[in-house]
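S.K.: this one's structure only:
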């Protein structure tokens, strides 16, 4: 058993932050390690707010307000750990200064007034932002900005500062996930409810030239993850728990190699004691150990850690006693060797090997989920609005 798997098998709750109000945790992001400000964890909530926490203690140290519709994600800058980006269905991407909690956004990015964003990401060079829109009439758009173009603080003027352009032909429905390559700033993958997963090389110019390969996930794409020893593989999870793992090392070739495919990946692994695997949270490439971690869950709050490879899924461990509802996001902190999770019960949890639980916050502010009467909605299963084209 290798060191990482041994760590995963002995994870237990180290710290638990319970919500003081009924709110879902939708996404989280860790600041880049090794520089000033890297001790922060950002969380976006269903209340349209962004919370800053200490990554070590989980204590809340600040928050930001400004969005007026559901958030579609949160990302720390790769090179400037004090900069934080968020995207929203209110038609804006915003940049915040994590050194000034409570302040207005330092930059606001927007495009056409009809564009409502349901996904976004930041390139590894921090130079380009990309957002995927909901379907607008018969079209969907990938929108690009130069992140270095500074606009008036928090204001939406008539000029769309920093806007580089849009791609409008590659998707025909909501673009639910976009993911820049971790090391190649011009490489971008996008997935939508049209069942298509596209890979672009932005350095090649216009949309037709930039689109280097298209895959079919046969459902609605939920999340994407660049993976593999050379980060030349692409993992796609779907909203109905399908899984596709493609080798895209040669995107200009006629065929994209399918390494693993399952329309219902829950059937690929059997959990101990017949425990149910109800959904997948997402995947994460562990670069130091060169392995792909997949996190799944049961509707009762249990989490299941799985190893994913071209040969299938391998069970590692089940985490119990933590969440009481669907888990929406996770991050592996490679420096602290801990797993961070958040979900629809509003809890933020830190899991460490052999840990004993510490509850964070004042006792009088902690409420049980039942006392909050938190209504846990089912995971969104996005139906395709039109017939998908079947690709070979």
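M.R.: Great, that's in hand. Just so it is clear, the model here is predicted, and its values are computed rather than measured. Numbering: from 1, shown residues only.
S.K.: can you pull the contacts of residue 127?
M.R.: Applying Cβ atoms under 8 Å, 6 or more residues apart in numbering, we find residue 127 in contact with 146, 147, 148, 185. C-betas here are computed from N, CA, C, even on glycine.
S.K.: buried subset of the residues you listed as a PyMOL selection?
M.R.: Filtering those down to the buried ones (16 or more other Cβ atoms under 10 Å) takes a single PyMOL command:
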select buried, resi 147+185
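S.K.: save the contacts of residue 127 as a markdown table, and put in pLDDT too.
M.R.: Shown next, in a markdown table, are the contacts of residue 127 (pLDDT from 0 to 100):
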| residue | pLDDT |
| --- | --- |
| 146 | 95 |
| 147 | 92 |
| 148 | 83 |
| 185 | 97 |
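S.K.: from memory residue 115 sits against residue 135, does it?
M.R.: No - under the criterion of Cβ atoms under 8 Å, residue 115 makes no contact with residue 135, lying 10.7 Å away.
S.K.: partners of residue 340 in the sheet?
M.R.: residue 331, residue 350 (DSSP bridges).
S.K.: residue 192 too?
M.R.: Residues in beta-bridge contact with residue 192 (DSSP bridges): residue 175.
S.K.: wait, it touches residue 142, no?
M.R.: No - assessed by Cβ under 8 Å, residue 192 is found out of contact with residue 142, at 9.8 Å.
S.K.: okay, those two: which has more neighbours?
M.R.: Using other Cβ atoms under 10 Å, the more surrounded residue of residue 192 and residue 142 is residue 192, with 31 against 26.
S.K.: how near is the more buried one to residue 128?
M.R.: Separation of residue 192 from residue 128 (Cβ to Cβ, to the nearest Å) stands at 20 Å.
S.K.: got it, and residue 10?
M.R.: 40 Å.
S.K.: same check on residue 275?
M.R.: Applying Cβ to Cβ to residue 275 and residue 128 gives a distance of 42 Å.
S.K.: ok, residue 55 next?
M.R.: Relative to residue 128, and taking Cβ to Cβ, residue 55 is found at 26 Å.
S.K.: and the one helix or strand residue 314 maps to, how far from the chain's centre?
M.R.: Residue 314 belongs to strand 312-319 when assigned by DSSP states H and E. The gap between where strand 312-319 is centred and where its chain is centred comes out at 21 Å by Cα atoms, centre = their mean, to the nearest Å.
S.K.: and the spatially closest residue to residue 66 that is not a sequence neighbour, how many neighbours does it have?
M.R.: Once flanking residues are discounted, residue 66 sits nearest to residue 105: 5.4 Å by Cβ to Cβ, 6 or more residues apart in numbering. For residue 105, the neighbour count with other Cβ under 10 Å is 23.
S.K.: sec struct for residue 105, please.
M.R.: Under DSSP: H, G, I helix; E, B strand; the rest coil, the three-state class of residue 105 is coil.
S.K.: relative to residue 7, how far out is it?
M.R.: In terms of Cβ to Cβ, residue 105 sits 38 Å off from residue 7.
S.K.: check the burial of residue 18 by counting its neighbours.
M.R.: When neighbours are counted by other Cβ under 10 Å, residue 18 registers 18.
S.K.: so which bits of the longest helix seen in the chain are buried?
M.R.: When the chain is scanned for its longest helix (criterion: DSSP state H), the result is helix 3-9. Under the neighbour-count criterion of 16+ other Cβ under 10 Å, helix 3-9 has 4, 5, 7, 8 buried.
S.K.: swap in stretch 109-120?
M.R.: 109, 110, 111, 115, 116, 117, 118, 119, 120.
S.K.: give me the lowest-pLDDT entry from the buried residues of helix 3-9.
M.R.: Among the buried residues of helix 3-9, residue 4 carries the lowest pLDDT, at 84.
S.K.: strands of the stretch 1-150 of the chain, start to end?
M.R.: Along the stretch 1-150 of the chain, counting by DSSP state E, counting those that start in this stretch, strands occupy 11-17, 25-30, 40-45, 50-54, 60-64, 71-76, 83-88, 93-97, 107-109, 117-122, 128-133, 142-146.
S.K.: mean confidence score for stretch 249-266?
M.R.: Stretch 249-266 comes out at a mean pLDDT of 84.
S.K.: buried ones in it?
M.R.: Residues of stretch 249-266 classed as buried by neighbour count (16+ other Cβ under 10 Å): 251, 256, 259, 260, 262, 265, 266.
S.K.: I'd like the strands of the stretch 1-150 of the chain as a markdown table, with distance to residue 295 appended.
M.R.: Output for the strands of the stretch 1-150 of the chain, formatted as a markdown table (distance: least, Cβ to Cβ, whole Å):
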| stretch | distance to residue 295 |
| --- | --- |
| strand 11-17 | 11 |
| strand 25-30 | 13 |
| strand 40-45 | 17 |
| strand 50-54 | 20 |
| strand 60-64 | 24 |
| strand 71-76 | 17 |
| strand 83-88 | 22 |
| strand 93-97 | 26 |
| strand 107-109 | 30 |
| strand 117-122 | 19 |
| strand 128-133 | 23 |
| strand 142-146 | 27 |
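S.K.: looking at those strands, which is nearest to residue 240?
M.R.: Residue 240 lies closest to strand 117-122 among those, at 17.6 Å (Cβ to Cβ).
S.K.: roughly how far is that closest one from the heart of the chain?
M.R.: Distance, stretch centre to chain centre, for strand 117-122: 9 Å (Cα atoms, centre = their mean).
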